[in-house]
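Novice: using only what follows, build the 3D model:
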Amino acid sequence: MKKIIKIILVLALIALVIIQFIRPEKNNGGYESVIPFENETKPSLAVAEILKSNCYDCHSNQTQYPWYSEIAPFSLWLDEHIEHGKGHFNVSEWNTYSAKKKDHKLEELIEMVEEGEMPLDSYTWLHGNLSPEDTELLLQWAGLTRLKYREKLEVSHTD
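Specialist: Numbers count the residues shown, from 1 in each chain. Okay, here's the model as predicted:
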């Protein structure tokens, strides 16, 4: 029995070493990738900081990687989270969204933050939770910004 356990542990160690050579591509589009989004949605400095520290890592082409992102399987797990997050909402692609889609993405943002689903628990364990004040600021900004897109939609429906 000890021999089988020893073989399993050696194989696990070999697999852990081999998996270190699998390197996901980094999501480093740079901060400039979020500038069009911020220019259009005009977050206050406080809201821009909330977005930067709680949203952009997974919802833009600009990720600030923590030290453990260099170690597999964490690197693979983070890559999957980033790709999943960008698939739902990518502020670096904001200019490609229609007004209707922008309104819908802001609606989803509000819903996810209100329900406590964003930021993810796995993110907040290391980065901290949004304070109630930050949550309120983010929700107010998203609600006001959403009104602008709803107005655009109403105007386009009357034309």
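
Novice: need the contact partners of the helix or strand of the chain with the lowest mean pLDDT.
Specialist: Taking mean pLDDT, DSSP states H and E as the measure, the chain has helix 121-127 as its least confident helix or strand, at a mean of 72. Defining contact as CB atoms under 8 Å, 6 or more residues apart in numbering, one finds that helix 121-127 is touched by 53-54, 57-58, 66, 81, 119, 130. The C-beta positions use only the backbone N, C-alpha and C, and glycine is treated the same way.

Novice: now stretch 135-153
Specialist: If you take CB under 8 Å, 6+ apart as the criterion, stretch 135-153 is touched by 41-44, 46-47, 50-51, 99-100, 102-103, 106-107, 109-110, 113-114, 130.

Novice: in this protein, which residue is most central in space?
Specialist: residue 58 (2.3 Å; CA atoms, centre = their mean).

Novice: show the model's pLDDT score for the residue of the chain most remote from its centre.
Specialist: Relative to the mean C-alpha coordinate of the chain, counting by CA atoms, centre = their mean, the farthest residue is residue 1 (45.7 Å). We have a pLDDT of 80 for residue 1.

Novice: same question, residue 81
Specialist: For residue 81, the model assigns a pLDDT of 82.

Novice: and the one 3 residues further on, by the same measure?
Specialist: Here, the pLDDT recorded for residue 84 equals 88.

Novice: from residue 120, how far off is it?
Specialist: 10 Å (CB to CB, to the nearest Å).

Novice: what about this protein, any weak spots by pLDDT?
Specialist: 29-31, 126-127, 156-159 (pLDDT under 70).

Novice: quick one on the thing from earlier: tell me which of the contacts of stretch 135-153 fall in helices.
Specialist: 41, 46-47, 50-51, 99-100, 102-103, 106-107, 109-110, 113-114 (DSSP state H).

Novice: just the buried members of those residues?
Specialist: Among the ones in helices among the contacts of stretch 135-153, those buried by neighbour count (16 or more other CB atoms under 10 Å) are 41, 47, 50-51, 102-103, 106, 109-110, 113.
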